[in-house]
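Asks: got a sequence here, can you model it:
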Amino acid sequence: MPRNLRLPLLPRFVAAVLALAIGACSATPAGQAVVPPPELDPAPARAGDQVAVLAGGCFWGMQAVFEHVKGVRHVWAGYAGGSAETAHYFRVAEGDTGHAESVKIVYDPTQVSYGTLLQVFFSVAHDPTELNRQGPDRGTQYRSEIFTTMPQQREVAQAYIRQLGAARAFDAPIVTKVEPLPAFYVAEGYHQDYYRTHADDPYIVYNDAPKVAALRTLMPRLYQTETSYADAGSH
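Replies: As a prediction, the model looks like this:
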């Protein structure tokens with residue numbers, strides 16, 4: 001057992017080993033291409049920092065990607081879609097709670113728009129054509145979903161999915177759900193910033209590091225370093 005493996009994370013470690021066996025080194029969309037930006041992307045109705053909540057497979061990788069997006073101040077890994085009583089890792093892992101592993105993103109809309117966050121979401125953060133799975137992970141808790149925090153976000157998300165569908169941006173249909181956020185529950189402490197604190201974990205190396213690399217390579221104007229992210233969160 002690797003020295004950095006924590007027992008609560010054993011199922012995901014096993015998934016990483018299986019991914020190695022079948023050659024799945026990344027859960028990003030096939031072709032590693034940036035999809036077009038959303039045509040509908042208005043400024044938010046209210047001033048100040050905004051919140052976006054997105055689900056796209058394991059929250060380790062989602063958190064890692066969005067921490068590296070300029071304009072993002074903070075990202076939490078957590079659960080959305082179910083109740084407070086079941087918002088716990090082992091319970092969510094059973095796949096029947098309604099929860100999805102998600103990230104809560106606090107961002108500065110003067111630096112990055114909601115639509116741009118969705119462009120990152122669809123381009124490099126996950127594969128929106130995989131139903132109830134991402135890479136080696138299986139179950140409804142790994143579904144693709146946009147949890148909206150205001151009506152304007154719902155309009156942007158739905159319009160964007162229609163736009164990408166009409167443009168045939170992917171070889172398969174987009175299965176991403178769009179629903180209002182009922183509540184977000186922050187995940188256990190050992191899940192937070194797992195990408196940064198466990199860079200040599202096999203799951204991170206083969207499933208999540210390629211997503212961050214894709215952001216840096218394919219969307220360089222949006223990429224920020226970990227130091228810049230730490231500075232943004234201190235403001």
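Asks: who's the closest spatial neighbour of Gly95, skipping the chain neighbours?
Replies: Of all residues not flanking Gly95 in the chain, Gly139 sits nearest, at 3.9 Å (Cβ to Cβ, 6 or more residues apart in numbering). All C-beta spots, glycine's among them, are computed from the backbone N, C-alpha and C.
Asks: burial of that neighbour, as a residue count?
Replies: Gly139 has 16 neighbours, counted by other Cβ atoms under 10 Å.
Asks: can you check Leu215 too?
Replies: Close neighbours of Leu215, defined as other Cβ under 10 Å, add up to 24.
Asks: try the one 5 residues further on
Replies: Burial of Pro220 is recorded as 8 neighbouring residues (other Cβ under 10 Å).
Asks: name the helix or strand of this structure that has the lowest mean pLDDT.
Replies: In the chain, no helix or strand scores lower on mean pLDDT, DSSP states H and E than helix 10-22, which sits at a mean of 46.
Asks: okay, the residue nearest to Gly95: pLDDT?
Replies: Note for Gly139: predicted pLDDT of 98.
Asks: and it, what does it touch?
Replies: Shown in contact with Gly139 (Cβ atoms under 8 Å, 6 or more residues apart in numbering): 93, 95, 132-133.
Asks: can you tell me which of the residues you listed are in strands?
Replies: Secondary structure from DSSP state E places Arg133 of those in strands.
Asks: in a markdown table: the contacts of Gly139, plus pLDDT and neighbour count.
Replies: Compiled in a markdown table, the contacts of Gly139 are given as follows (pLDDT from 0 to 100; neighbours: other Cβ atoms under 10 Å):
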| residue | pLDDT | neighbour count |
| --- | --- | --- |
| Ala93 | 97 | 16 |
| Gly95 | 97 | 14 |
| Asn132 | 98 | 15 |
| Arg133 | 97 | 17 |
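Asks: and which of the contacts of Gly139 is nearest Glu179?
Replies: For the contacts of Gly139, the minimum distance to Glu179 (Cβ to Cβ) is 15.0 Å, reached by Asn132.
Asks: just the C-alphas of the longest helix belonging to the chain, formatted as CSV.
Replies: The longest helix of the chain (DSSP state H) is helix 151-166. Included here for helix 151-166 are C-alpha records, laid out as CSV according to Å, rounded to 0.1, in the frame of the first residue of the first chain:
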residue,chain,number,x,y,z
PRO,A,151,-32.1,31.8,-13.0
GLN,A,152,-29.5,33.5,-15.2
GLN,A,153,-27.1,30.7,-14.7
ARG,A,154,-29.8,28.2,-15.8
GLU,A,155,-30.4,30.2,-18.9
VAL,A,156,-26.7,30.3,-19.8
ALA,A,157,-26.2,26.6,-19.1
GLN,A,158,-29.2,25.4,-21.1
ALA,A,159,-28.4,27.7,-24.0
TYR,A,160,-24.8,26.5,-24.0
ILE,A,161,-25.8,22.8,-24.1
ARG,A,162,-28.1,23.5,-27.0
GLN,A,163,-25.4,25.5,-28.8
LEU,A,164,-22.8,22.7,-28.4
GLY,A,165,-25.3,20.1,-29.5
ALA,A,166,-26.2,22.1,-32.6
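Asks: for the nearest residue to Ala80 once chain neighbours are set aside, give its distance to Ala77.
Replies: Take Ala80 and drop its neighbours on the chain: the residue closest to it by Cβ to Cβ, 6+ apart is Ser102, 4.2 Å away. Per Cβ to Cβ, to the nearest Å, Ser102 is found 8 Å from Ala77.
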